[in-house]
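# sequence unknown, structure follows:
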């Protein structure tokens, strides 16, 4: 997919770098030359422009990308003006970052496709959602390692646990599987009850709706998501 990211501070930089690492085409834009210089080798193209200037904003291919992300945060006025200009130019898919509830309330008035909230972990969560396309929950252990729970992709359904080869292929350790089983309560009513299977025999089959819990380096999760 192709994205424009306007605002290359901490939030925008993480989005740009990680989406680019997953193979997406990223066009970055920021008023700061130093910010653009720091990322220009990691994305397809980067522009030094004042995006609040309508003429300057027009140099970006706004209507030939999948999503335009306004990652400006601290400069409330700039954020709102850029969003207004994008709406005026009839950009179809706009995501915008909000740094507080007032900022979010103002952005909501534009009926945007998505309003984002800070900061780096939120950026990583967005990347997972955009690229993996399923429910993902992540716990950051340190700067490199994460524990991640995600709904199994459809292509995994029906495979035995030992056929997934997560450790051998992606260096990810499978530490648990969460499954919903049908149970009957004392009134005879059928309910779905979630439980975690910590013991995973190799002949355990993965079922639709299962959730896998894995541990590993974030870059290995990136490789995994990109591969599937």
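Right, received. Where do you want to start? In this text the structure is predicted, and so the values were computed from the model without any measurement.
# switch to C-alpha atoms for all contacts and neighbour counts from now on
Will do.
# What strand or helix carries residue 213?
Counting by DSSP states H and E, the element that carries residue 213 is strand 211-217.
# What of residue 14?
Assigned by DSSP H and E, residue 14 belongs to helix 10-21.
# Who are the packing partners of that helix?
Applying 3 or more C-alpha pairs under 8 Å, 6 or more residues apart in numbering; DSSP states H and E, we find helix 10-21 packed against strand 2-6, strand 25-30, helix 120-132.
# What strands line up against the strand holding residue 213, and which way round?
Using DSSP bridges, the strands paired with strand 211-217 are strand 145-151 (antiparallel), strand 173-184 (antiparallel).
# Mean neighbour count, those strands: which tops it?
strand 145-151 (a mean of 19; mean count of other C-alpha atoms under 10 Å).
# Following the chain past that strand, name the next helix or strand.
Next along from strand 145-151, by DSSP H and E: helix 166-170.
# Show residues contacting that following helix.
Identification of contacts with helix 166-170 by C-alpha atoms under 8 Å, 6 or more residues apart in numbering yields 172-174, 220-221, 223-224.
# domain parsing for this structure?
By the assignment in the TED database, the chain contains the domains 1-115, 120-225.
# How far off centre is the first one?
Mean-position distance between domain 1-115 and its chain equals 15 Å (C-alpha atoms, centre = their mean, to the nearest Å).
# Between the two ends of it, how far is it?
19 Å (C-alpha to C-alpha, to the nearest Å).
# tell me the mean pLDDT over that domain?
Averaged over domain 1-115, pLDDT sits at 94.
# What's the mean pLDDT across stretch 221-228?
82.
# now that stretch, how far from the chain's geometric center?
Counting by C-alpha atoms, centre = their mean, stretch 221-228 comes out at 13 Å from the chain centroid.
# related to what we said a few turns ago, return the member of the strands paired with strand 211-217 having the minimum mean pLDDT.
In terms of mean pLDDT, the lowest-scoring of the strands paired with strand 211-217 is strand 173-184 (a mean of 77).
# Give me the angle between the helix holding residue 14 and strand 25-30.
Orientation of helix 10-21 against strand 25-30 (axes from the mean of the first three to the mean of the last three C-alpha atoms, to 10 degrees) gives an angle of 160 degrees.
# tell me the angle helix 10-21 makes with strand 2-6.
160 degrees.
# tell me the SS of residue 203?
Three-state call for residue 203 (DSSP: H, G, I helix; E, B strand; the rest coil): coil.
# Which residues does the strand holding residue 213 contact?
144-152, 171-179.
# any idea how far the nearest residue to residue 97 once chain neighbours are set aside lies from residue 169?
Closest residue in space to residue 97, ignoring its immediate chain neighbours: residue 116 at 4.4 Å, by C-alpha to C-alpha, 6 or more residues apart in numbering. Separation of residue 116 from residue 169 (C-alpha to C-alpha): 33 Å.
# Tell me which of those two has more neighbours.
Legend: neighbour count by other C-alpha atoms under 10 Å for residue 116 and residue 169, higher for residue 116 (17 against 11).
# Now do the phi/psi pair for that one.
With angles defined as degrees, to the nearest 10, residue 116 sits at phi -100, psi 150.
# so residue 205 makes contact with residue 158?
Yes - contact criterion C-alpha atoms under 8 Å: residue 205 and residue 158 qualify, at 5.8 Å.
# More neighbours: which of the two?
Set residue 205 next to residue 158 and count neighbours by other C-alpha under 10 Å: residue 205 wins out with 16 against 12.
# Pairing partners for that one in the sheet, please.
residue 160.
# Please list all residues in contact with it.
Residue 205 sits next to 157-161 when contact means C-alpha under 8 Å, 6+ apart.
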